[in-house]
Each structure stands twice: as C-alpha cells, then as structure tokens.
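K.L.:
below are the sequence and a predicted model; questions follow.
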Amino acid sequence: MRMEIFLFKIFLSSLFAICHSVYFIDETPGFGRRYDGIGGLSGGSATSKLLVAYPQKQRDEILDILFKPNFAASLQILKVEIGGDSQASDATEASHMHNSSEESYDRGYEWWLMKEAKKRNENIKLYGLPWAFPGWLGNGTQNPYQNIDQLAEYVMKWVQGAKDFNGLNIDYIGIWNEKSYNIPYIKTSLPRYQHNYRTGTNR
C-alpha cells in the first residue's frame with residue numbers, strides 16, 4: 001500500500017510539473033504557411049471512376065462521408081484532374097478539348113464529383129490541376145509550353161466551362177502535376193484568371 005501511495009505521489013508531482021511548465025513558441029523564422037483545410041484528391045486518372053457506378057444508396061453514403069460538413073471527413077478542398085487525353089498514372093481522363101476547335105464540358109466524372117461535393121458543402125474549395133495535355137498542345141513534342149498562349153487559353157477554357165456549363169467556380173488552378181513550373185506561362189496565365197475574377201466572368 002505504501003509503495004502504491006509513493007508511486008501515486010510521484011505521478012501527481014510529474015503531472016503538476018507538466019501543467020505548470022512554460023511553453024515557448026519561437027517566431028524567429030516566421031509562422032510558415034497558412035492552414036487552408038483538409039483536402040481530397042481525384043486525380044492521377046481513374047482514382048474516383050468506379051464511384052459513379054456504385055448503387056445510389058452506397059454512393060451517397062460515401063459522398064456524405066467525404067463532403068458533408070461536421071460529419072466525417074468533412075473535406076474542405078477538392079482537387080480534381082483536368083483531363084488531358086493521355087496516360088496519367090492509373091489510366092486516362094478525357095480532355096475538354098480533343099483538338100483546338102472542339103470543346104465539351106460534360107466528359108468524364110470530375111464535373112459530377114465537384115457538383116456532388118458542392119451539393120453537400122457549398123463552401124468547399126475547388127482546385128483543378130493538369131496531369132497531362134493533349135498532343136496537339138505541344139505539336140506532338142509532349143511539351144505543352146511550346147505555345148504558351150495556346151496552353152493558357154486551353155486551361156482558361158476549362159475554368160470557364162466549369163462555370164458556364166456546370167455552375168462551378170474554380171478557386172485554384174495548378175500548373176502541371178509533378179513537373180517543373182514555367183515562369184513565362186505563369187505570367188501569361190495569371191492576368192487572364194485575374195481578369196475573369198475581377199469582371200465576374202467566373203464568379
């Protein structure tokens with residue numbers, strides 16, 4: 001009994017010391033990146049493809065678990081692949097432009113997934129990111145930066161198509177998954193996106 005009392009006293013002393021210890025935060029290097037929330041990814045081709053084919057009851061349950069606020073995962077950001085008619089990890093997602101003169105904004109399942117996410121949480125942020133690009137963008141070289149203006153227009157049309165045909169506002173756009181960034185492309189693209197947001201074309 002005495003040993004038990006002795007050990008308990010040690011435990012209480014340790015607990016008291018922990019509770020009254022001073023915790024210092026070093027702000028010298030700055031606070032780092034802002035926390036933007038917990039996100040989910042539908043990209044790399046086919047990662048969400050089978051979900052569409054689930055029976056509705058089970059499909060809705062999964063979507064609720066992913067996107068319904070204060071419920072389960074409660075995802076706050078959804079990143080989706082901008083299909084590029086090309087092998088990207090697991091499979092291929094269709095592009096919204098098979099060539100420079102053709103457009104379609106109902107191909108694939110990413111539009112459907114984003115709309116299902118918005119149904120459950122209208123405040124969820126949407127993020128588009130290309131994994132690959134159709135060959136015509138790089139004139140068969142597999143380098144879409146061959147024509148920066150054409151590439152910027154291609155991605156901007158996806159953003160615009162999301163709004164005009166699917167009622168979706170895209171909050172973020174990435175450059176190219178797991179590839180080096182291209183500064184001239186960023187400088188060409190950014191004013192176009194900013195113009196759309198300022199004029200309300202996409203908002």
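P.N.:
Yes, it's here. Numbering: from 1, shown residues only.
K.L.:
wait, doesn't residue 181 sit right on residue 187?
P.N.:
No - counting by Cβ atoms under 8 Å, residue 181 does not reach residue 187; the two are 11.0 Å apart. Using the backbone N, CA and C atoms, a C-beta is placed for each residue, glycine as well.
K.L.:
contact partners for residue 51?
P.N.:
Contacts here follow Cβ atoms under 8 Å, 6 or more residues apart in numbering; on that basis residue 51 touches 59, 62, 63, 109, 113.
K.L.:
ranges for the helices of the chain?
P.N.:
For the chain, applying DSSP state H gives helices covering 2-19, 56-67, 110-120, 148-166, 183-199.
K.L.:
tell me the angle the shortest one makes with helix 56-67.
P.N.:
Okay, so that is helix 110-120. For helix 110-120 against helix 56-67, the angle by axes from the mean of the first three to the mean of the last three Cα atoms, to 10 degrees is 70 degrees.
K.L.:
out of the contacts of residue 51, who's nearest residue 39?
P.N.:
Nearest to residue 39 among the contacts of residue 51, counting by Cβ to Cβ, is residue 113 at 13.3 Å.
K.L.:
quick one: contacts for the closest one?
P.N.:
By Cβ under 8 Å, 6+ apart, the residues touching residue 113 are 42, 48, 51, 78, 80.
K.L.:
which of those residues scores worst on pLDDT?
P.N.:
Minimum pLDDT for these is recorded at residue 48 (86).
K.L.:
so who does that residue touch?
P.N.:
Applying Cβ under 8 Å, 6+ apart, we find residue 48 in contact with 42, 109, 110, 113.
K.L.:
let's see it at 7 Å
P.N.:
42, 109, 113 (Cβ atoms under 7 Å, 6 or more residues apart in numbering).
K.L.:
verify the stated contact: the second one with residue 49.
P.N.:
Yes - contact criterion Cβ atoms under 7 Å: residue 109 and residue 49 qualify, at 6.1 Å.
K.L.:
so between these two, which is more surrounded?
P.N.:
Legend: neighbour count by other Cβ atoms under 10 Å for residue 109 and residue 49, higher for residue 109 (20 against 16).
K.L.:
can you pull the phi/psi pair for that one?
P.N.:
Residue 109 adopts backbone torsions of phi -120, psi 0, taken as degrees, to the nearest 10.
K.L.:
among the contacts of residue 113, which one lies nearest to residue 105?
P.N.:
Nearest to residue 105 among the contacts of residue 113 is residue 80, at 13.2 Å by Cβ to Cβ.
K.L.:
from the centroid of this protein, which residue is nearest?
P.N.:
Nearest to the mean C-alpha position of the chain, by Cα atoms, centre = their mean, lies residue 79 at 1.8 Å.
K.L.:
bridged to that residue, which residues?
P.N.:
Beta-bridge partners for residue 79, by DSSP bridges, are residue 41, residue 127.
K.L.:
distance of it relative to residue 181?
P.N.:
Per Cβ to Cβ, to the nearest Å, residue 79 is found 17 Å from residue 181.
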